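[1] Next one to model:
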Amino acid sequence: MPSLDSPLNSSPAQTPRAVFWLMLLSVAFLSANMRAPIVVLGAIAPVIQKALGISEAHIGWLGAIPMLMFALAAFVSPKIGKRFGNGNTLIMALVVLIVGIILRSVWTSWTGFLVGTVLLSLAIGFANTLVAPLIKERTPKNIALLTAVYSLSMALAAGVASGIVLPLAKVVGWQWALGGWAGLSVIALLIWLVLRFVAVKSDKVVKHAGVTQASQSSEHTVHQLNRSAAPAPPVSIWRSPVAWQLAMFLGLQSLLYYTIASFLPSIVVAKGLTQIQGGSIGSIFQFVAPLVIVVMTLLIRRGISIQTVAIALALFNAVGIFGIAYLPVNLAWLWSACMGIACTGIFTLTIMLFSLRTYTPHQASQLSGMVQTIAYLIAFLGPFGAGWLHELTHGWEMPLLLILVLTALNVIIAWFVSRPIMIDGQPV
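    All right, here's what the predicted structure looks like:
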């Protein structure tokens with residue numbers, strides 16, 4: 001079965017121009033669908049609660065279920081991607097995503113919203129895992145650039161969605177405000193289908209030409225991505241300390257991200273802001289992403305230590321959650337920005353490391369699957385636990401304190417995870 005997956009995995013080649021630009025567009029439109037359908041829930045939660053007659057605990061479940069689906073998809077997607085091709089699997093995931101978004105809007109009950117959320121989350125989970133190896137396969141010379149576009153588009157779409165969904169729901173109804181994102185998913189699907197066709201033709205040309213040029217990327221990637229044409233050293237991903245450190249790093253970041261995305265508007269409203277102001281604070285959490293992605297990518301490409309970047313980002317998370325928990329609510333925009341900078345930066349850096357710390361696309365897929373399986377199981381505890389603790393204690397003090405402790409722990413993990421070593425423990 002033809003697919004997007006290059007047959008030249010062992011030796012990355014020069015990317016044809018048409019494939020590069022289609023890959024750029026494909027990644028941009030795909031990633032625009034990968035957070036927006038989930039983060040909008042935080043901004044529109046009171047409307048959904050009233051419309052469906054559900055409690056805050058139900059909202060907590062809706063915020064937590066995506067983490068379980070992400071973990072499940074991350075666990076099975078490397079094997080499915082290897083069997084059917086990463087590109088073909090991703091195309092099918094987009095079809096499921098479209099179905100999930102539409103179903104959540106037209107089946108107006110708790111059951112319908114739940115089933116739609118499960119489907120779209122499972123589809124996003126497959127995309128989460130498969131994007132990194134596809135970038136490594138298709139654009140091995142532009143890993144940092146494509147990863148930045150991936151994170152940038154994801155953050156911009158999530159920020160726009162978070163900011164406009166509540167005002168839009170008041171004009172056209174919450175079903176259209178949520179279901180309208182299916183249109184963007186359809187566009188993404190069409191672009192990936194075109195890329196599939198063009199990439200298959202390109203593979204035939206590349207294979208015939210015998211292109212075997214080594215690729216380069218950021219942070220000495222000739223040494224990192226493909227040290228030689230020899231087979232990559234065998235590595236048990238599940239026994240690799242580097243993999244487990246990455247899993248904890250991304251897991252604690254994701255726990256904070258999805259908890260804040262689900263509850264930040266409710267937290268600041270409880271502290272005295274209006275619902276509209278709460279939605280705006282949630283948008284700031286998303287909208288700072290473009291700046292940090294561009295700056296971080298430039299810094300890394302210019303030789304700034306990844307370890308310095310990782311520790312700084314983890315500290316931003318701790319400062320942000322401390323400010324939201326204990327400092328005046330009139331500075332909520334600043335603390336929201338701090339957390340937005342950190343969450344976006346850590347996510348982008350981790351996706352980058354899937355490629356930079358492995359030797360082959362298949363190894364990157366394995367690492368991505370393992371790390372995201374563990375990370376999203378950890379993240380699941382965030383929205384679910386925060387919602388449960390809030391109902392139990394009738395306040396946000398205890399949930400915020402626990403998250404603060406975990407973010408402080410992630411500063412230490414940041415030091416370990418960002419050391420310049422490959423997945424097998426060898427120095428970069």
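[2] Pull out the buried residues from the helix or strand containing Thr297.
    Assigned by DSSP states H and E, Thr297 belongs to helix 289-301. For helix 289-301, a neighbour-count test (16 or more other Cβ atoms under 10 Å) marks Ala289, Pro290, Val292, Ile293, Met296, Thr297, Ile300 as buried. Every C-beta, even on glycine, is put in place using the N, C-alpha and C of the backbone.
[3] Repeat that for stretch 263-271.
    Using 16+ other Cβ under 10 Å as the test for burial, stretch 263-271 gives Phe263, Leu264, Pro265, Ser266, Ile267, Val268, Val269.
[4] May I see the residues you listed organised as TSV, with distance to Thr344, pLDDT and secondary structure added?
    Below are the buried residues of stretch 263-271 laid out as TSV (distance: Cβ to Cβ, whole Å; pLDDT from 0 to 100; DSSP: H, G, I helix; E, B strand; the rest coil):
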residue	distance to Thr344	pLDDT	secondary structure
Phe263	18	81	helix
Leu264	15	83	helix
Pro265	19	79	helix
Ser266	22	81	helix
Ile267	20	87	helix
Val268	20	86	helix
Val269	24	85	helix
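[5] Could you save those residues as TSV and add columns showing distance to Ala144?
    Below are these laid out as TSV (distance: Cβ to Cβ, whole Å):
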residue	distance to Ala144
Phe263	33
Leu264	30
Pro265	33
Ser266	36
Ile267	34
Val268	35
Val269	39
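[6] So what touches stretch 92-102?
    Stretch 92-102 is contacted from outside by 30, 33, 37, 116-124, 126-127, 130, 178-179, 181-182, 185-186, 188-189, 192, using Cβ atoms under 8 Å, 6 or more residues apart in numbering.
[7] Who are the packing partners of the helix or strand just after the helix holding Thr297?
    Counting by DSSP H and E, the next helix or strand C-terminal to helix 289-301 is helix 306-326. Contacting helix 306-326 under the criterion 3 or more Cβ pairs under 8 Å, 6 or more residues apart in numbering; DSSP states H and E are the following elements: helix 241-270, helix 289-301, helix 332-356, helix 397-417.
[8] Can you check which of those gets nearest to Thr373?
    helix 241-270 (7.8 Å; Cβ to Cβ).
[9] what angle separates whichever helix or strand comes after that closest one from helix 306-326?
    The helix or strand immediately downstream of helix 241-270 is helix 275-287, counting by DSSP H and E. Here helix 275-287 runs at an angle of 170 degrees relative to helix 306-326 (axes from the mean of the first three to the mean of the last three Cα atoms, to 10 degrees).
[10] Where does the prediction get shaky in the stretch 1-150 of the chain?
    The stretch 1-150 of the chain contains residues with pLDDT under 70 at 1-15, 56.
[11] Let me see the ranges of the helices in it.
    Taking DSSP state H, counting those that start in this stretch as the test, the helices found in the stretch 1-150 of the chain are 17-32, 36-52, 56-84, 86-106, 110-138, 143-172.
[12] So which of those helices is the most surrounded?
    Highest mean neighbour count among those (mean count of other Cβ atoms under 10 Å): helix 110-138, with a mean of 24.
[13] how much does that helix deviate in direction from helix 86-106?
    Going by the same axes, to 10 degrees, helix 110-138 makes 160 degrees with helix 86-106.
[14] I'd like to know which elements helix 110-138 is packed against.
    Using 3+ Cβ pairs under 8 Å, 6+ apart, helix 110-138 sits against helix 17-32, helix 36-52, helix 56-84, helix 86-106, helix 143-172, helix 332-356, helix 361-393.
[15] For the fifth one, what is the distance to the chain centroid?
    Yep, that's helix 143-172 we're talking about. Chain-centre distance of helix 143-172: 12 Å, with Cα atoms, centre = their mean, to the nearest Å.
[16] Look up the closest residue to Pro78, ignoring the ones flanking it.
    Of all residues not flanking Pro78 in the chain, Gly369 sits nearest, at 4.1 Å (Cβ to Cβ, 6 or more residues apart in numbering).
[17] now Phe249: how far from Ser262?
    Phe249 sits 21 Å away from Ser262, going by Cβ to Cβ, to the nearest Å.
[18] higher neighbour count, the two?
    The residue with more neighbours, out of Phe249 and Ser262, is Ser262; 28 against 25, by other Cβ atoms under 10 Å.
[19] what residues are up against the more buried one?
    Contact analysis of Ser262 by Cβ under 8 Å, 6+ apart lists Leu41, Gly42, Ala45, Ile59, Gly60, Leu62, Gly63, Gly382, Pro383, Ala386, Gly387.
[20] ok, the last one touching Ala57?
    Yes - Gly387 is in contact with Ala57 according to Cβ atoms under 8 Å; the separation is 5.5 Å.
[21] Surely Leu52 and Gly116 touch.
    No - taking contacts as Cβ under 8 Å, Leu52 lies outside contact range of Gly116: 12.0 Å.
[22] Skipping adjacent residues, who's closest to Ile341 in space?
    Val292 (4.6 Å).
[23] Any figure for the gap between the one you found and Ala342?
    In this view, Val292 and Ala342 are 8 Å apart by Cβ to Cβ.
[24] Ok, Val294 next?
    Using Cβ to Cβ, one obtains 16 Å as the distance from Val294 to Ala342.
[25] One more: Ile293?
    12 Å.
[26] can I get the CA coordinates of stretch 105-125 in PDB?
    Taking C-alpha atoms only, stretch 105-125 is exported to PDB below (Å, rounded to 0.1, in the frame of the first residue of the first chain):
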ATOM      1  CA  SER A 105     -22.400  19.000  18.200                       C
ATOM      2  CA  VAL A 106     -25.400  17.100  16.700                       C
ATOM      3  CA  TRP A 107     -26.000  14.500  19.400                       C
ATOM      4  CA  THR A 108     -27.000  17.000  22.200                       C
ATOM      5  CA  SER A 109     -26.800  14.900  25.300                       C
ATOM      6  CA  TRP A 110     -24.200  13.900  27.800                       C
ATOM      7  CA  THR A 111     -23.800  10.600  26.100                       C
ATOM      8  CA  GLY A 112     -23.400  12.200  22.700                       C
ATOM      9  CA  PHE A 113     -20.900  14.800  23.900                       C
ATOM     10  CA  LEU A 114     -19.000  12.000  25.600                       C
ATOM     11  CA  VAL A 115     -18.800   9.700  22.600                       C
ATOM     12  CA  GLY A 116     -17.800  12.700  20.300                       C
ATOM     13  CA  THR A 117     -15.100  13.700  22.700                       C
ATOM     14  CA  VAL A 118     -13.700  10.100  22.900                       C
ATOM     15  CA  LEU A 119     -13.600   9.900  19.100                       C
ATOM     16  CA  LEU A 120     -12.000  13.200  18.400                       C
ATOM     17  CA  SER A 121      -9.500  12.700  21.300                       C
ATOM     18  CA  LEU A 122      -8.500   9.300  20.000                       C
ATOM     19  CA  ALA A 123      -7.900  10.800  16.500                       C
ATOM     20  CA  ILE A 124      -5.800  13.600  18.000                       C
ATOM     21  CA  GLY A 125      -3.800  11.100  20.000                       C
END
